[in-house]
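In: coordinates only, sequence not included:
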């Protein structure tokens, strides 16, 4: 018979189960502090709490805890919780948990003194490091939620697209079947008609063949008669070869002319008006080749201009590009970059802005020639601030980009000149009239702006000035400009920097501005 367990055996079994249960848990150090003796809320007795802290030895425990590693956890748990903080460990790490944890801490740029690796656990010295990891994880979770939402929405749209596509394929298959059925009926009717015509054509061809045979026999007799006569005349003309030279020369000249025209037709240049190539020719046809080249060029120019007659906007755009070329080609280094870029005019969509429409209606100036955000250079210190520059049919205005409040408005009739540099910067100066100093917009003098579309801006402004004032706007392309700022004449110098700059730099040094490009 089996003996009943003794008290010692039962105690040992109980202790083993307790240790097994404790080892499966995560231990926490908890001490309860009583704030007061009366158990009242919001009452804190310093002496009582200080006594409990000294009695329980909390300060010594904290010192010992801080001297060691305050946080310890298995590699798998830490990697599973914080793996979304590094690109190499997210979403799945295929190596060992310890290697993945090292990649994670390396990506987070954590100091090696803040942690240590055991055989199965990681030890973190400072709790603040754990709090930082939790903060980063908490900030990353919304991004992961957005990613899940994006993928789900993509799946929904993909499913919807596949259903629509399958429906479209079904509808198109039925439609194509019906279309082919109707086409077959038409082709069958057409085949019957063609067959009838073909049989008639074969009968007529056979009839014509019979007639041709009859006529051929008659023609053979006639040809034989003429051949015998030609043979006799050939023997008789041996004494008269003097006229053969001019006839052969004329024939060869005509043959060479025909060959020249055929080769010219096969090697004509492209239809582009700017192409100057032309096939070479025999010196005998040099004058004819020149005339044909001139006529061909006029013809292809006429063909190139024909689409402009029906497209007024495209014609106006080419006129603006031509004016820009006449103004800046060979003078400003950034002109070549603007050749292939079409002129847009309104880059901020003022036509859809209600505040602008109200302002334009109050000023009776609705035509927007050009509009974009620019950097306006302060006259006092040379610092740039973002403003909205609008060129209308009657004036140019500087507005606040947020409130659309007009800061300055200058009529185009008071715009005297525009100055730009020869370098690749984006600065331009509006020189305004200085006669009427009582007006606020003219009192401060000339305006200095910066914008990437300087070529387009100057071209459109010059065209607007011509339309409103029937005069040409002078455009100065120089590296040293005199400007009237606050009733004082200052020098604006543009110079190339010996080192490449990310953007042009403008500084004011006394009575002059320096712009480094």
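Out: Yep, that arrived. Note that the structure is predicted; figures quoted are calculated from it, not measured.
In: where are the low-confidence patches of the stretch 51-200 of the chain?
Out: The stretch 51-200 of the chain contains residues with pLDDT under 70 at 61-70.
In: can you give me the strands in it?
Out: In the stretch 51-200 of the chain, the strands defined using DSSP state E, counting those that start in this stretch lie at 71-74, 115-117, 121-124.
In: mind giving me CSV with the ones you listed and columns for mean neighbour count and distance to residue 104?
Out: C-betas here are computed from N, CA, C, even on glycine. Shown next, in CSV, are the strands of the stretch 51-200 of the chain (neighbours: other C-beta atoms under 10 Å; distance: least, C-beta to C-beta, whole Å):
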stretch, mean neighbour count, distance to residue 104
strand 71-74, 16, 13
strand 115-117, 15, 11
strand 121-124, 18, 10
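In: same list (these) but as a markdown table, adding distance to residue 362.
Out: Shown next, in a markdown table, are the strands of the stretch 51-200 of the chain (distance: least, C-beta to C-beta, whole Å):
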| stretch | distance to residue 362 |
| --- | --- |
| strand 71-74 | 68 |
| strand 115-117 | 68 |
| strand 121-124 | 67 |
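In: so which of these is nearest residue 193?
Out: Nearest to residue 193 among these is strand 71-74; the distance by C-beta to C-beta comes to 88.6 Å.
In: identify the residues contacting that closest one?
Out: 26, 97, 118, 120-124, 127, 129-130 (C-beta atoms under 8 Å, 6 or more residues apart in numbering).
In: among those, which two are most distant?
Out: Top of the distance list for the contacts of strand 71-74 (C-beta to C-beta): 97 and 127, 22.3 Å.
In: who's more crowded, the two?
Out: residue 97 (18 against 12; other C-beta atoms under 10 Å).
In: surely the more buried one touches residue 76?
Out: Yes. Look at residue 97 against residue 76 with C-beta atoms under 8 Å: they come within range, at 4.8 Å.
In: what about residue 189, distance to residue 57?
Out: With distances taken as C-beta to C-beta, to the nearest Å, residue 189 is found 110 Å from residue 57.
In: please name the nearest non-neighbouring residue to residue 396.
Out: Once flanking residues are discounted, residue 396 sits nearest to residue 410: 5.7 Å by C-beta to C-beta, 6 or more residues apart in numbering.
In: what's around that neighbour, how many residues?
Out: Neighbour tally, residue 410, other C-beta under 10 Å: 18.
In: go on, the one 10 residues further on?
Out: In terms of burial, residue 420 registers 26 neighbours under the definition other C-beta under 10 Å.
In: what residues are bridge-paired with it?
Out: residue 428, residue 477 (DSSP bridges).
In: surely residue 432 touches residue 409?
Out: No. Judged on C-beta under 8 Å, residue 432 makes no contact with residue 409 at a distance of 11.3 Å.
In: more neighbours: which of the two?
Out: In this comparison of residue 432 against residue 409, neighbours counted by other C-beta under 10 Å, the higher total goes to residue 432 at 23 against 19.
In: okay, the more buried one and residue 276: tell me how far apart.
Out: Residue 432 is 44 Å from residue 276, by C-beta to C-beta.
In: likewise for residue 516?
Out: 41 Å.
In: neighbour-wise, which of the two wins?
Out: Set residue 516 next to residue 276 and count neighbours by other C-beta under 10 Å: residue 516 wins out with 18 against 9.
In: for the more buried one, name its beta-bridge partners.
Out: Under the criterion used (DSSP bridges), residue 516 bridges to residue 495, residue 505.
In: you'd agree it is up against residue 505?
Out: Yes. If you go by C-beta under 8 Å, residue 516 and residue 505 touch, sitting 4.7 Å apart.
In: who touches both of the two?
Out: The contact sets of residue 516 and residue 505 overlap at residue 497 (C-beta under 8 Å, 6+ apart).
In: ok so, going back, out of the contacts of strand 71-74, who's nearest residue 445?
Out: residue 129 (60.1 Å).
In: gap between the residue nearest to residue 122 when sequence neighbours are not counted and residue 103?
Out: Leaving aside its sequence neighbours, residue 122 sits nearest to residue 78 (C-beta to C-beta, 6+ apart; 5.6 Å). Distance from residue 78 to residue 103, counting by C-beta to C-beta: 12 Å.
In: among these two, which residue is more densely surrounded?
Out: Remark: of residue 78 and residue 103, residue 78 carries more neighbours, 23 against 17, as counted by other C-beta under 10 Å.
In: pretty sure the more buried one is touching residue 101, no?
Out: Yes. Taking contacts as C-beta under 8 Å, residue 78 lies within contact range of residue 101: 6.1 Å.
In: what is in contact with those two at once?
Out: By C-beta under 8 Å, 6+ apart, the residues touching both residue 78 and residue 101 are residue 122.
In: so where's the longest helix in the chain?
Out: helix 127-236 (DSSP state H).
In: that helix: what's the following helix or strand?
Out: helix 244-266 (DSSP states H and E).
In: what comes up buried for that next one?
Out: With burial defined by 16 or more other C-beta atoms under 10 Å, the residues of helix 244-266 counted as buried are 260, 264.
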